[in-house]
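K.L.:
turn this into a structure:
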Amino acid sequence: MNKLTSLYITFAFLTLVLLLAGCTDNEKNSMESAAADSMENSSDSESTEEVTTETDENPSTNELEEADSKDSDENSTEKAIQTNGSNNSSSEDSTSVDDETEDSHQTLSQYSSEQIEYARIWLQLGPNQKIDELYVRHIPAGEPVNIHDETSANYPKDVVTLEGSRSVDGSVTYSSNGNGTINVYNVPSHWASPAQTEENFMKKYTEDIIKNAELVYVDPGDDEKVIEFIKMLNVNE
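P.N.:
This is a model prediction of the structure:
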């Protein structure tokens, strides 16, 4: 009876040990499996985070293409603006140069041939170039050279007298031949009174003025200076 009891107790003890050992192994295996799953999940999470981070940090191909396209458009627009600005500037410069060239070629075209003639003759023959006004007086043919003397000879042609506003400016009296030349008459700025001259002196004197008229070719002169004198003209018909 005691033997059976001892065997039974021994068997029960061994069975309990085996059960405990089995539970321990199962628990250990479960813990190891849970730990492995936890580590795998952590690794997957980290991998996902890395992928997400890389995705966030690295723009997509479409984004890069859009950025490149935007930069290209901006560069194209900037170049177009610069080109247009350059073209406009060149166009303005070209227009300015053309205007200046046109002005330089047409400076005298806005004036009459008579105005140009008066100014050129004074520029060439005027005793005083520093004048304030240039008076123009027309004298028809048949008028006396000296209007203060009845014995004076008469002009055979229409003549023009140019003179400044002051007596010291002097004068130029001429008749135009219409071919770029003029006949210059040496008419004095002041006449002596008949009482101061001998009889028939003025007749001979004025006849010599007509007879000894000097043929002069009119120099075109400098256009700018010619225009200066044109602006001073005061024409008396």
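K.L.:
tally of neighbours for residue 233?
P.N.:
Residue 233: 17 surrounding residues under other Cβ atoms under 10 Å. From N, CA and C alone the C-beta is placed, and that goes for glycine too.
K.L.:
surely it is in contact with residue 120?
P.N.:
No - between residue 233 and residue 120 there is no contact under Cβ atoms under 8 Å: 12.0 Å.
K.L.:
which SS class is residue 221?
P.N.:
The local conformation at residue 221, judged by DSSP: H, G, I helix; E, B strand; the rest coil, is coil.
K.L.:
what's the distance between the closest residue to it other than its chain neighbours and residue 150?
P.N.:
Nearest non-adjacent residue to residue 221, counting by Cβ to Cβ, 6 or more residues apart in numbering: residue 123, 4.7 Å away. Between residue 123 and residue 150 the computed distance is 36 Å (Cβ to Cβ, to the nearest Å).
K.L.:
looking at these two, which has the bigger crowd around it?
P.N.:
More neighbours surround residue 123 than the other of residue 123 and residue 150, with 19 against 10 (other Cβ under 10 Å).
K.L.:
check which helices and strands the strand or helix carrying that one sits against.
P.N.:
Assigned by DSSP states H and E, residue 123 belongs to helix 113-125. Here helix 113-125 touches strand 134-139, strand 159-164, strand 171-176, helix 223-230, strand 233-236, going by 3 or more Cβ pairs under 8 Å, 6 or more residues apart in numbering; DSSP states H and E.
K.L.:
name the residues of the longest one that come out as buried.
P.N.:
So that's helix 223-230. Within helix 223-230, the residues scored as buried using 16 or more other Cβ atoms under 10 Å are 226-227, 229-230.
K.L.:
so which of those comes closest to residue 213?
P.N.:
residue 229 (23.1 Å; Cβ to Cβ).
K.L.:
so the closest one touches residue 121, yeah?
P.N.:
No - the pair residue 229 / residue 121 is not scored as a contact, 9.3 Å apart, by Cβ under 8 Å.
K.L.:
how about the helices in the protein?
P.N.:
Assigned by DSSP state H, the helices in the chain fall at 2-57, 61-105, 113-125, 201-211, 223-230.
K.L.:
show me what counts as buried in the helix holding residue 123.
P.N.:
Those would be 115-125, for helix 113-125 by 16+ other Cβ under 10 Å.
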